[in-house]
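Q: sequence plus the predicted model coming up.
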Amino acid sequence: DSGVTQTPKHLITATGQRVTLRCSPRSGDLSVYWYQQSLDQGLQFLIQYYNGEERAKGNILERFSAQQFPDLHSELNLSSLELGDSALYFCASSLQGTGNEQFFGPGTRLTVL
Amino acid sequence: DQQVKQNSPSLSVQEGRISILNCDYTNSMFDYFLWYKKYPAEGPTFLISISSIKDKNEDGRFTVFLNKSAKHLSLHIVPSQPGDSAVYFCAAIMNNAGNMLTFGGGTRLMVKP
């Protein structure tokens, strides 16, 4: 158990809908990362927050947005969902905004029908 | 453009023997390299890392070797155990580009009893 929690575990929704994925980092970790794992693209970095501020952005679509709240939990919002958004979404956390080891949550499996 | 590549999608090894997982990268600006292990329905788990200024790092049964001139790293597991059966991901970080992990596509290791 990495100490990172993600809810929900599974999510099934329809095209055009909007969903919110939630992540609670390990106790004391200030940085949160979101990754997407799809069959054809592998594990790809989406976005990083450090202590409430956006720190780095990867291949995140404009339809997707994220935020980190004062209690350090983070939410990833996915809107106007398309079939291709079906994937595993992982959250990871680390103590600082830099440094090497990131601890991953169990992921949220999103299925868009 | 895949900056980190794992060219072997799968590897099968007998219990007790050595497992060697390989990874190639194209970006010479990477500062750290990491190996993660992933079981089904779980998030990736950190295994071992190596700085770009070193050529070897060892932790128990796991050793990572880095050949900067060849832009190649490998993970050696000795002796291999059935519990090591999982998907192994190679990842890299550029410290001046945020703390995002750039992942390879993964290698599925099967250790046969």
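A: Looks like it came in fine.

Q: tell me, what residue is most central in chain A?
A: Note on chain A: the residue nearest the mean C-alpha position is A:W34, at 3.3 Å, using Cα atoms, centre = their mean.

Q: just the element for it, please.
A: Secondary structure here is read from DSSP states H and E; on that basis A:W34 sits in strand A:31-38.

Q: quick one on the thing from earlier: do I have it right that the residue nearest to the centre of chain A meets A:C23?
A: Yes: between A:W34 and A:C23 there is a contact at 7.5 Å, judged by Cβ atoms under 8 Å. For the C-beta atoms, the positions are set from N, CA and C on the backbone; glycine is no exception.

Q: disregarding residues adjacent in the polypeptide, which is nearest to the closest residue to chain B within chain A?
A: Proximity of chain A to chain B (Cβ to the nearest Cβ) peaks at A:A56, 2.7 Å away. Among residues not flanking A:A56 along the chain, B:G98 sits closest, at 2.7 Å (Cβ to Cβ, 6 or more residues apart in numbering or on different chains).

Q: who does that neighbour bridge with?
A: When bridges are taken as DSSP bridges, the partners of B:G98 come out as B:N96.

Q: my guess is B:C90 is in a strand, correct?
A: Yes: remark: B:C90 belongs to a strand, assigned using DSSP: H, G, I helix; E, B strand; the rest coil.

Q: just give me the neighbour total for it.
A: By other Cβ atoms under 10 Å in any protein chain shown, the residues close to B:C90 number 27.

Q: worst-scoring helix or strand of chain B, pLDDT-wise?
A: Scoring the helices and strands of chain B by mean pLDDT, DSSP states H and E places strand B:96-99 at the bottom, with a mean of 72.

Q: in that strand, what's buried?
A: The neighbour-count criterion (16 or more other Cβ atoms under 10 Å in any protein chain shown) identifies B:98-99 as the buried residues of strand B:96-99.

Q: A:Q17: neighbour count?
A: By other Cβ under 10 Å, 13 other residues sit near A:Q17.

Q: and it, how close does it get to A:L11?
A: Shown here: A:Q17 relative to A:L11, a distance of 10 Å by Cβ to Cβ, to the nearest Å.

Q: ditto for B:S49
A: The spacing between B:S49 and A:L11, counted by Cβ to Cβ, is 32 Å.

Q: hang on, the earlier thing: shared neighbours of A:W34 and A:C23, anything?
A: Both A:W34 and A:C23 are in contact with A:74, A:76, A:91, where contact means Cβ atoms under 8 Å, 6 or more residues apart in numbering or on different chains.

Q: most neighbours out of these, which is it?
A: Top of those by neighbour number is A:C91, holding 30 neighbours under the definition other Cβ under 10 Å.

Q: many thanks, I have nothing further to ask.
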